[in-house]
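Undergrad: structure for the following, please:
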Amino acid sequence: MASINTNYGASIALQNLNKTNSELERTQNRINTGMKVSSAKDSGAIFAIATSQRANAASQDAVRAGLQRSQSITDVALAAGDTITAALEEMKSLAVSIAGTTAGSAAETSYLAEYNALGLEITSAISGASFDGVNSLTTPLGVAGVTDVSGGGKARADATTAKVDTAISTVTAALSTLGTQSKSLGRQISFVNKLQDALEAGVGNLVDADLAKESAKLTALQTKQQLGVQALSIANSSSQTLLSLFR
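TA: Numbering: from 1, shown residues only. As a prediction, this is how the structure comes out:
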């Protein structure tokens, strides 16, 4: 039934056009942001999950920084350990030479001076093995008995291969522990990196838009919008058709 009071066809056409416009706006927003869920308005549940996982991923930065600091502390100690073990190896050779000299001779004095110089190098390496104010080598390394052997007969008695061998065993055992710790820290850092990547990928799966799909949808909606405008125009023209009956 034709009526001048209501135009039901135009109302339906307008509703459809408004729906298309709304979908078109949503699609354009996804293309602009690259996200299908950019706010709680798009999907409250997914937005909450994504926000939580982003926070978890961000917290891994602090975890990784802490692990890297610990690894740096350990690696600095290991670097100093190379200097210490090299010095101890030379000291062992000197201890053999000292044992073969006459007590109080010029040769013994020369060997002991070189031996003590290496002891100072070890002491310096231990005190300098710090990173960010932390030194893993401040605990006794078993070298105190060989780093300072000054003093007459005591010097000769302390500069022995047996004492150097004991120091080498103690130092290498400590460095072995530090090396194991460094490897473990490296594996933990790798795990944190993988975990963070997985969390970020998971968030992407939840909120990222498929731009190829959205682009195709945009074209379809733009066409649908044009058709909706035409449909509304046709529906609105029905009143003009009714008016012509009275001419």
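
Undergrad: wait, doesn't Gln71 sit right on Val192?
TA: No. Counting by CB atoms under 8 Å, Gln71 does not reach Val192; the two are 11.7 Å apart. Just so you know, the C-beta spots here come from the backbone N, C-alpha and C atoms, and that holds for glycine as well.

Undergrad: okay, Ala45: pLDDT?
TA: Looking at Ala45, its pLDDT stands at 90.

Undergrad: ok, Gln71 next?
TA: According to the prediction, Gln71 has pLDDT 94.

Undergrad: and the host helix or strand of it, what other elements does it pack with?
TA: In the assignment (DSSP states H and E), Gln71 maps to helix 44-99. Contact here means 3 or more CB pairs under 8 Å, 6 or more residues apart in numbering; DSSP states H and E; on that basis helix 44-99 packs against helix 106-128, strand 130-131, strand 134-135, helix 161-207.

Undergrad: quick one: buried residues of the first one?
TA: This points to helix 106-128. Neighbour counts over helix 106-128 (16 or more other CB atoms under 10 Å) mark 108, 111-112, 115-116, 118-119, 121-123, 125-126 as buried.

Undergrad: just flag the most distant two among these.
TA: Glu108 and Ile126 (26.7 Å; CB to CB).

Undergrad: if I look at the residue nearest to Glu90 when sequence neighbours are not counted, how far off is Ala125?
TA: Of all residues not flanking Glu90 in the chain, Leu118 sits nearest, at 5.6 Å (CB to CB, 6 or more residues apart in numbering). Counting by CB to CB, to the nearest Å, the separation of Leu118 from Ala125 is 10 Å.

Undergrad: what's the overlap in contacts for the two?
TA: Shared contacts of Leu118 and Ala125, defined by CB atoms under 8 Å, 6 or more residues apart in numbering, comprise Ala87.

Undergrad: show me where pLDDT drops low in the chain?
TA: For the chain, the stretches with pLDDT under 70 are 1-7, 139-140, 142, 144-145, 147-156, 238-247.

Undergrad: residues near the residue nearest to Ile189 when sequence neighbours are not counted, how many?
TA: For Ile189, ignoring the flanking residues on the chain, the nearest one in space by CB to CB, 6+ apart is Leu67 at 5.0 Å. For Leu67, the neighbour count with other CB atoms under 10 Å is 19.

Undergrad: cool, the one 5 residues further on as well?
TA: One way to gauge burial is a neighbour count; for Ser72, by other CB under 10 Å, it gives 15.

Undergrad: check the gap between Ser110 and Val171 for me.
TA: Remark: distance between Ser110 and Val171 (CB to CB) = 26 Å.

Undergrad: no, scratch that, I was asking about Asp210
TA: With distances taken as CB to CB, Asp210 is found 59 Å from Val171.

Undergrad: quick one: contacts for the closest residue in space to Val37 that isn't next to it in sequence?
TA: Nearest residue to Val37 in three dimensions, chain neighbours excluded: Val207, at 4.3 Å (CB to CB, 6+ apart). Each residue near Val207 by CB under 8 Å, 6+ apart is listed here: 35-38, 46-47, 50.

Undergrad: now swap in Gln188 and tell me
TA: Contacts of Gln188 by CB under 8 Å, 6+ apart are Leu67.

Undergrad: how far away is it from Ala58?
TA: According to CB to CB, Gln188 stands 18 Å off from Ala58.

Undergrad: also Ser136?
TA: Ser136 is 30 Å from Ala58, by CB to CB.

Undergrad: so for those two, which sits in the more crowded spot?
TA: Between Ser136 and Ala58, counted using other CB under 10 Å, Ser136 has the larger neighbour count: 22 against 12.

Undergrad: correct me, but that one touches Thr74?
TA: Yes. Between Ser136 and Thr74 there is a contact at 6.1 Å, judged by CB under 8 Å.
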